[in-house]
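Visitor: Need a 3D model of the following:
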Amino acid sequence: MNTNDIALIEKELGIKLTQAYIDAATKASLANTKFKDFFFDDAKKIISTNKRLREKGMYGKKLLEYHFVVGYRKDGGEYYFIDLLTENGCVYLANRTKGWAYSPDNLSNNDLKIYSSIDEYIKERLFWARRIEESSRNDRPEYTEEEKQKMIADFFADMNKQFPRKK
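Guide: This is a model prediction of the structure:
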C-alpha cells in the first residue's frame, strides 16, 4: 500500500489511521506469504470489509467506527482488528467458532491473543510464514517410479525373510 491508498481508506471510512498502522501497511511485509489475508494490503478490500462489518455486523454486533479490521483468517473465521483510539495499534481477535465473539464494550472478550502492537502481530505472522515455508520444502529429490517400486519390493522381501510363511 502507498500513501494514496491510506488517504482513500481514511476518506471512505471517515477515520484517521494511526501512524503505527500506516507504517505497517506501507511495508506490506505479509503480502507475499501464505498469511497475506491476516494483514490486508488492498485498500478496496479493507474499505469493503470494514463497511460491511459496520453495516451488517461481526458475529452479532456492528463494528464500531473506531475499530478497524486489518485482516482475516479464512479457515478459522477470525477477524483481526485494531482500536484506533490507541496509538500503538493493539491487535484484537474476534472469532465466531471459539466463543470470542466481537464484544466492543469489553475488548478482553476478544482475545485469543492480544498483540500489544501491529509490529508484534506482523513479526509473529512472519515467523510462522517462514516456518511453514521451510517445512514445506523437500530437501530430498522425488523418487522415480522405478525407485519407488524397488523400495516396495525390497520392503516385502525383507518382511518375507523376517516372517516366513508357515507351510
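Visitor: Next up, identify which helix or strand the residue nearest to Tyr143 when sequence neighbours are not counted is on.
Guide: Nearest non-adjacent residue to Tyr143, counting by Cβ to Cβ, 6 or more residues apart in numbering: Met151, 7.2 Å away. Yep, even glycine has a C-beta here, placed from its N, CA and C like the rest. Using DSSP states H and E, Met151 sits within helix 145-162.
Visitor: Check Thr49 too.
Guide: helix 43-56.
Visitor: related to what we said a few turns ago, model confidence over the helix holding Met151, on average?
Guide: Across helix 145-162, pLDDT averages out at 84.
Visitor: what does stretch 6-17 give?
Guide: Mean predicted lDDT for stretch 6-17 stands at 96.
Visitor: Please save the CA atoms from that stretch in PDB.
Guide: Taking Å, rounded to 0.1, in the frame of the first residue of the first chain, the C-alpha atoms of stretch 6-17 are listed here in PDB:
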ATOM      1  CA  ILE A   6      -4.100   5.300   3.100                       C
ATOM      2  CA  ALA A   7      -5.800   8.600   2.200                       C
ATOM      3  CA  LEU A   8      -8.500   6.600   0.300                       C
ATOM      4  CA  ILE A   9      -9.200   4.400   3.300                       C
ATOM      5  CA  GLU A  10      -9.400   7.300   5.700                       C
ATOM      6  CA  LYS A  11     -11.700   9.200   3.300                       C
ATOM      7  CA  GLU A  12     -14.000   6.300   2.500                       C
ATOM      8  CA  LEU A  13     -14.300   5.200   6.100                       C
ATOM      9  CA  GLY A  14     -14.200   8.600   7.800                       C
ATOM     10  CA  ILE A  15     -11.400   7.700  10.100                       C
ATOM     11  CA  LYS A  16      -7.900   8.700  11.000                       C
ATOM     12  CA  LEU A  17      -5.500   5.800  10.900                       C
END
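Visitor: Name the residues that touch it?
Guide: Ile22, Ala25, Thr26, Ala43, Ile46, Ile47, Asn50, Lys51, Glu65, Tyr66, Phe68, Leu84 (Cβ atoms under 8 Å, 6 or more residues apart in numbering).
Visitor: excluding its backbone neighbours, what's nearest the third one?
Guide: In space, and not counting its chain neighbours, Thr26 is closest to Met1: 5.7 Å by Cβ to Cβ, 6+ apart.
Visitor: swap in the fourth one?
Guide: Distances taken as Cβ to Cβ, 6+ apart place Asp5 nearest to Ala43, at 3.8 Å, with adjacent residues excluded.
Visitor: Quick check: that neighbour is in a strand.
Guide: No: judged by DSSP: H, G, I helix; E, B strand; the rest coil, Asp5 forms no part of a strand; its state is helix.
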